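J.: when you get a sec, could you give me coordinates for this:
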Amino acid sequence: MMKTHLLVGAAAFAVAISVSQPVLAQDAAPADEATTTNTATTDAIVVTGSRIRRDEFSVAEPITVVTAEEITQAGFNSAADALQSNAVTQGSGQINNFYGGFVTDGGTGANTLGLRNLGPSRTLILLNGRRLAPGGTRGSVLAADLNVLPTAIVSSIEVLKSGASSIYGSDAVAGVVNIITDNKLRGLNIEAQVNVPEVGAGVDRRVAASFGFESDRLNIIGSLEYRKRDKLARNDVSWLDCPVGGFLTGEGTEFGSGDGVGFDGTSCFTLDNGGVTINTLGLPTRAAIGRTSGTVGNFNRFVPAPGQTTGPFPGYLGVGFYDRDTLDPIQEEEPLITEAEIYTGYLSGTYSTDILGDAEIYGEVLVTRRKSASPLYRQLSLDYVQGSPLLPADLRNGAFLNPNPTSGGRLVAARGFIGFGLTDSRQEVDYARVSGGIRGDFFLPQWRYDAYVGKSWNDGTYEIESFLTDRLAQSLDAVDNGDGTFSCASAATNPNCVAAPALSADVIAGRLPQDFKDWILVNTIGKTKFRETTFAFNVDGPLFEMPGGDVQLALGAEYRKQSINDQPDPNSISGNLLGLTAGTPTVGKDSVKEVYGEIFVPILADTPGFYRLNLTASARYTDYKSYGSDTTFKIAGEWEPIRGFGVRASYGTSYRAPALAEQFLGATSGFLGSTLDPCDDLPPPADQSPNQQIIAANCASIGLPADFQQTSGITTFRVGGADAGLEAETSKNWSVGVVVRPVLPESVGQLSLSLDYFDIKVDNGVADLDATTILNRCYGDANFNPNEGFCRFVERNANNALTVTSSFVNLSEDIRKGFEFNGRYARDLFGGRFTLNANVTKYTEQSSRLFPEEFLTDSNGTVVNPDWVGSFDATYRFNNVTLRYGLDWIDGDRNKTYEFFAYDELTGVSDPDLVQSYRDDYYLEAADYFLHSASVQFNIQEKYELTVGVQNLFDTKPPRISAVGYTTIGNAPLYSGYDYRGRTFFANASFKF
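T.: Purely as a prediction, here's the structure:
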């Protein structure tokens, strides 16, 4: 049985440079930690990943910088889009706007960022050096929602792809991203941008006003912006016109040659991919004329055929798996990219005083409102019970299905598989962060202090139209009024109940009475509140002088508390939502106390063999109310033996306390297909693998027949891990690199190159133990006990329907290793300035395991988990015009995906026979994927700027694979590294006053 892996990947493109040379420092920022900024009294700067003020931008770890100008030239309409681009994520999968129909952390519409493919909960997001609290809806609010960022006022983005828990505390495992606002802005700036996909739908527009002014003591900057993105539906793009199974009849055969053919003569929209059973009647097996064969046979699915007046079942034709109705055109109106409307306001200010060490009082306010929507197509199953007067007399006494929640404990005689249409799903999230503090000269010479307090609020409302199980059960429990009409049996105590319509061809076709639809479909509403409060105090300054400069020390303390309160709709809490995920309240809180220190030691400078030799060390003591205490540390160094050539290295530990959702998540229900029951449809004994033989024996031991077939979906419940003793996870992170920036003649140009090796290992990782893993580990255990081990999370009822309860547990080990190259070359050419940037990552390992006894499973190089990723950018600026060309590259795969799926974690071997069988049956390959972009920017008198360009210049389509193993959109893997919109034109105009 093939494993199911949902692997997602990276997004589009942002231009980036490696910080391998000094860069221009900026003026005072709202916070003095981890921000490229001047302090109030010196020209020193503080960079992301440190709290030490220095006189140049030179660090022992690579930092990627993305500027506001580069974001505009690349065509991104928001900071969120730029952060999810390939230059930042380097192949790591992100939750973006392609996930509207999926249950994701943060709820529909939330955009998150995770570096090194370690997930968003292991990447820390900062705004001006301060934590951005998690945001979104539902109980699984784990990470910052990038939609809250104030795009109009962003100056630059710094990305540190290295652990930094000793500097920032929990979550900074894979890296830190710091969004820095433009505190040099003076005057008023009006900006507008529109991105228009060539298909004409999914238009994304944004207008903004930003401003700044200063007096002798006061400095104020702020921005207001509005963004509206239209829905891009599945039927708006041509590559989704015909999703197929994509099965083969042997390695190298035509894609889809092994697919079943529908009644219309095509393989499009079958149940293998893209289709859902509609306009179909399910009955106990009986004789009928076949829809495509035209001969009598035995069937248990039928489509209405009013013109069929002969045969054993007049009015109906029998259908099988492929020739039933599976396409409702309305279903293709589901969004491929969700719609959204976002309002953002930002205000920051400083006021200089003559007291408390020439103190500067500072404050910052960020407020946003996001409205998003993702309509969902729904199939409705009407289960008519035995003896129901709603059925024709000759269909009333059959037994098609066992009792279920809508049948009132009675056997189901007939089921109508009905295409209901689109149902509404909306979210509204209000997010606010208010912070401020005071900073100034400490009582020691050249020392500074900073006292800070911040508060964040996230208030979300999520609405979704859902069928209510109890109402549907009441409607189907009907009585005959004797005049051709029907009433609910419970009408005396439930006068609003509307009886289900009698079974007919119109009903099966989805033409349902409006009053019945209004009765069973209800708008359910849930509310999410997340709060975070932070208090921090730190001091920094010189200790003494060494040959390389002043030894600098930073000391500080921080207190932080969080709380979550998610209250789903009462119908969700009671499990009354038919066919949708349900959830119970998620309520919890936690707090942490921390002290930290960092020291920067410039050992030598301007000495033969030691143009620069610096050492940095940091440590942090963390004490969580829930998990107790731990200590993290980091040491890093850089050595330039001669000017223009240097080496750098770092080693550190990180710590991540489980997020509130991981601890306290209320039971959230979901569904899996019946084929994921390990006992379902096993091969004959002679054809069984060793593992299948174990499963067959275990299934037989609980009384299941050898030819057992599961007819019910699998219900899953996902819960938090606090009651299971969930612990904090730890990690080790080390890197070593070389930096080359030779001093060249101006006629040759400027060159900066860096190559770094990184190695991250997460131990005792918090893993979401999914239901599929639990089932496979339960029934695949040679020492099977249905009541112990993993089987204690599995319940099989009297009808053999499965329920699986999963939770967050400390099991996983994750390893990421690889090389990252950054290059930049610039020179004057033909009267202008030419600049070339390159950012390439080569992963050598992306492995993980859930259990200690397993071998590591390495997904490196598989589809949507590329081992090579690159971003390239060339600009040419002459006079007031800038030309830009960008290229994004994601490596393809021909072999590793097959080997990955054939890999046995218990033996550490990919079975070559299984690899070949996958090659024979499925196409799981992808060619190298390239996205090109181009733009031209006009700058007129430094006041007016116009940028026009195109993303995905050659309208590159995502690759297609067989519809197995991965979640797919059509035949494209669900992966944020692929562009689903197609060629998109953009224009940005700004006016300065």
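J.: residue 164 versus the closest residue to residue 466 other than its chain neighbours, what's the distance?
T.: In space, and not counting its chain neighbours, residue 466 is closest to residue 577: 4.5 Å by CB to CB, 6 or more residues apart in numbering. Backbone N, C-alpha and C define where each C-beta goes, glycine included. Distance from residue 577 to residue 164, counting by CB to CB, to the nearest Å: 42 Å.
J.: between those two, who's got more neighbours?
T.: Counted by other CB atoms under 10 Å, residue 577 and residue 164 do not tie: residue 164 has more neighbours, with 28 against 22.
J.: wait, that one sits on residue 175?
T.: Yes: Residue 164 lies in contact with residue 175 (CB atoms under 8 Å); the separation is 7.3 Å.
J.: between those two, what contacts are shared?
T.: Residues touching both residue 164 and residue 175 by CB atoms under 8 Å, 6 or more residues apart in numbering: residue 124.
J.: the helix or strand containing residue 207 - what's its average pLDDT?
T.: In the assignment (DSSP states H and E), residue 207 maps to strand 204-214. For strand 204-214, mean pLDDT rounds to 97.
J.: which helix or strand contains residue 680?
T.: Under the assignment here (DSSP H and E), residue 680 is part of no helix and no strand.
J.: any idea how far residue 331 is from residue 277?
T.: 12 Å.
J.: could you tell me how many residues sit around residue 344?
T.: Applying other CB under 10 Å, we find 25 residues neighbouring residue 344.
J.: got it, and residue 954?
T.: Using other CB under 10 Å, residue 954 has 11 neighbouring residues.
J.: mind listing what it touches?
T.: 930, 932, 983.
J.: can you turn the buried part of those into a ChimeraX selection?
T.: Buried subset of the contacts of residue 954, written as a ChimeraX selection, criterion 16 or more other CB atoms under 10 Å:
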select :932,983
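J.: kindly export the longest helix seen in the chain (C-alpha atoms) in PDB.
T.: Longest helix in the chain by number of residues (criterion: DSSP state H): helix 690-701. Below are the C-alpha coordinates for helix 690-701, written out as PDB (Å, rounded to 0.1, in the frame of the first residue of the first chain):
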ATOM      1  CA  PRO A 690       5.800  -9.700   4.200                       C
ATOM      2  CA  ASN A 691       4.200  -6.600   5.700                       C
ATOM      3  CA  GLN A 692       0.800  -7.400   4.200                       C
ATOM      4  CA  GLN A 693       1.000 -10.900   5.600                       C
ATOM      5  CA  ILE A 694       1.400  -9.500   9.100                       C
ATOM      6  CA  ILE A 695      -1.500  -7.100   8.400                       C
ATOM      7  CA  ALA A 696      -3.700 -10.000   7.100                       C
ATOM      8  CA  ALA A 697      -3.000 -12.100  10.100                       C
ATOM      9  CA  ASN A 698      -3.900  -9.200  12.500                       C
ATOM     10  CA  CYS A 699      -7.100  -8.400  10.600                       C
ATOM     11  CA  ALA A 700      -8.100 -12.100  10.700                       C
ATOM     12  CA  SER A 701      -7.400 -12.200  14.500                       C
END
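J.: list the buried residues in that helix.
T.: Across helix 690-701, burial judged by 16+ other CB under 10 Å covers 691-692, 694-696, 698-699.
J.: coming back round to it: more crowded one of residue 331 and residue 277?
T.: Legend: neighbour count by other CB under 10 Å for residue 331 and residue 277, higher for residue 331 (22 against 19).
J.: name the SS class of the more buried one, please.
T.: helix (DSSP: H, G, I helix; E, B strand; the rest coil).
J.: what's near enough to touch it?
T.: Here residue 331 is in contact with 276, 377, 419 (criterion: CB under 8 Å, 6+ apart).
J.: among these, who's most crowded?
T.: residue 419 leads the contacts of residue 331 on contacts (other CB under 10 Å) with 23 neighbours.
J.: can you tell me the element it falls in?
T.: Element membership for residue 419, per DSSP H and E: strand 412-423.
J.: which elements pack onto that strand?
T.: strand 280-289, strand 376-385, strand 448-467, helix 505-508 (3 or more CB pairs under 8 Å, 6 or more residues apart in numbering; DSSP states H and E).
J.: mind redoing it with 10 Å?
T.: strand 280-289, strand 296-304, strand 376-385, strand 448-467, helix 505-508, helix 514-520, strand 521-546 (3 or more CB pairs under 10 Å, 6 or more residues apart in numbering; DSSP states H and E).
J.: want to throw those into CSV with distance to residue 956?
T.: Formatted as CSV, those follow (distance: least, CB to CB, whole Å):
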stretch, distance to residue 956
strand 280-289, 38
strand 296-304, 39
strand 376-385, 28
strand 448-467, 34
helix 505-508, 42
helix 514-520, 42
strand 521-546, 38
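J.: any chance of those in CSV with mean pLDDT and distance to residue 145 as columns?
T.: Compiled in CSV, the helices and strands packed on strand 412-423 are given as follows (pLDDT from 0 to 100; distance: least, CB to CB, whole Å):
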stretch, mean pLDDT, distance to residue 145
strand 280-289, 97, 41
strand 296-304, 96, 44
strand 376-385, 96, 21
strand 448-467, 97, 8
helix 505-508, 96, 42
helix 514-520, 97, 33
strand 521-546, 97, 10
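J.: of all those, which one comes closest to residue 217?
T.: Of all those, it is strand 448-467 that lies closest to residue 217, at 18.3 Å by CB to CB.
J.: relative to the whole chain's centre, how far out is that closest one?
T.: How far strand 448-467 lies from its chain's middle: 19 Å, per CA atoms, centre = their mean, to the nearest Å.
J.: pLDDT score for residue 897?
T.: So residue 897 comes in at 96 (pLDDT).
J.: part of a helix, is it?
T.: Yes: membership of residue 897 in a helix is supported by three-state DSSP.
J.: report how many residues lie close to it.
T.: So residue 897, with other CB under 10 Å, has 27 neighbours.
J.: isn't it right up against residue 918?
T.: Yes: if you go by CB atoms under 10 Å, residue 897 and residue 918 touch, sitting 8.5 Å apart.
J.: quick check: neighbours shared by these two?
T.: 924, 965 (CB atoms under 10 Å, 6 or more residues apart in numbering).
J.: what is the burial count for residue 972?
T.: Neighbours of residue 972 using other CB under 10 Å come to 20.
J.: list the buried residues of the strand ranked longest in the chain.
T.: Criterion DSSP state E: the longest strand present in the chain is strand 802-829. Of all the residues in strand 802-829, those buried under the rule 16+ other CB under 10 Å are 802, 804-818, 820-827.
J.: now the residue lying closest to residue 61 once chain neighbours are set aside: how far from residue 243?
T.: In space, and not counting its chain neighbours, residue 61 is closest to residue 162: 4.8 Å by CB to CB, 6+ apart. According to CB to CB, residue 162 stands 41 Å off from residue 243.
J.: looking only at neighbour counts, state which of these two leads.
T.: The neighbour count for residue 162 versus residue 243, taken as other CB under 10 Å, is higher for residue 162 (29 against 25).
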